[in-house]
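Asks: here is a sequence with its predicted model. Questions after.
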Amino acid sequence: QVQLVESGGGLVQPGGSLRLSCAASGFRFSFFYMSWVRQAPGKAPEWVSDIKFDGTNTRYADSVKGRFTIARDNAKNTLYLQMNNLKPEDTALYYCAKGAQLPPKAYWGQGTQVTVSS
């Protein structure tokens with residue numbers, strides 16, 4: 001079955017950086033778009049970014065454009081999210097997801113917490 005395991009979250013000061021990773025298994029990773037989704041407490045899930053199966057096309061939400069970079073390594077079945085110039089409003093649980101845009105929750109990992117605070 002689909003398994004997605006995120007890592008790399010933590011507490012960071014505003015303006016700082018974090019790099020999230022997602023280890024994928026149970027499906028042909030290189031055949032699928034992959035996404036990052038986040039959810040802040042009390043808010044609806046928000047699509048953050050996605051990347052085409054071969055990495056040739058990436059898309060970003062306006063709220064993170066120019067600060068976040070999505071990437072993938074198909075040889076390692078791993079998805080990444082480099083987050084720079086983090087802001088308090090980026091605080092959320094970040095999920096890796098199989099598929100583009102906002103995939104069904106059944107295709108999300110367990111999430112990794114990102115907290116941006118001074």
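Replies: In hand now; what should we look at?
Asks: my read: Phe68 touches Val48, true?
Replies: Yes. Look at Phe68 against Val48 with Cβ atoms under 8 Å: they come within range, at 6.8 Å. All C-beta atoms are positioned from the backbone trio N, CA, C, and that covers glycine.
Asks: quick one: residues contacting the residue nearest in space to the middle of the chain.
Replies: Nearest to the mean C-alpha position of the chain, counting by Cα atoms, centre = their mean, stands Trp36 at 2.9 Å. For Trp36, the contacting residues are 20, 47-50, 70, 79, 81, 94-97, by Cβ atoms under 8 Å, 6 or more residues apart in numbering.
Asks: sitting in strands, which of the residues you listed do you find?
Replies: Mapping those onto strands (DSSP state E) picks out 20, 47-50, 70, 79, 81, 94-97.
Asks: still on that earlier bit, of Phe68 and Val48, which one has the most company?
Replies: Remark: of Phe68 and Val48, Val48 carries more neighbours, 25 against 21, as counted by other Cβ atoms under 10 Å.
Asks: and the more buried one, what does it touch?
Replies: Contacts for Val48 (Cβ under 8 Å, 6+ apart) come out as 35-38, 60-61, 64, 68, 81, 94.
Asks: only the buried subset of those, as a PyMOL command please.
Replies: Of those, the buried ones can be selected in PyMOL as follows, counting by 16 or more other Cβ atoms under 10 Å:
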select buried, resi 35+36+37+38+60+64+68+81+94
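Asks: could I get the contacts of Val48 as CSV with distance to Ser118, secondary structure and pLDDT?
Replies: Conversion of these to CSV gives the following (distance: Cβ to Cβ, whole Å; DSSP: H, G, I helix; E, B strand; the rest coil; pLDDT from 0 to 100):
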residue, distance to Ser118, secondary structure, pLDDT
Ser35, 29, strand, 98
Trp36, 24, strand, 98
Val37, 26, strand, 98
Arg38, 20, strand, 98
Tyr60, 25, strand, 98
Ala61, 24, coil, 98
Val64, 20, coil, 98
Phe68, 20, strand, 98
Leu81, 22, strand, 98
Tyr94, 20, strand, 98
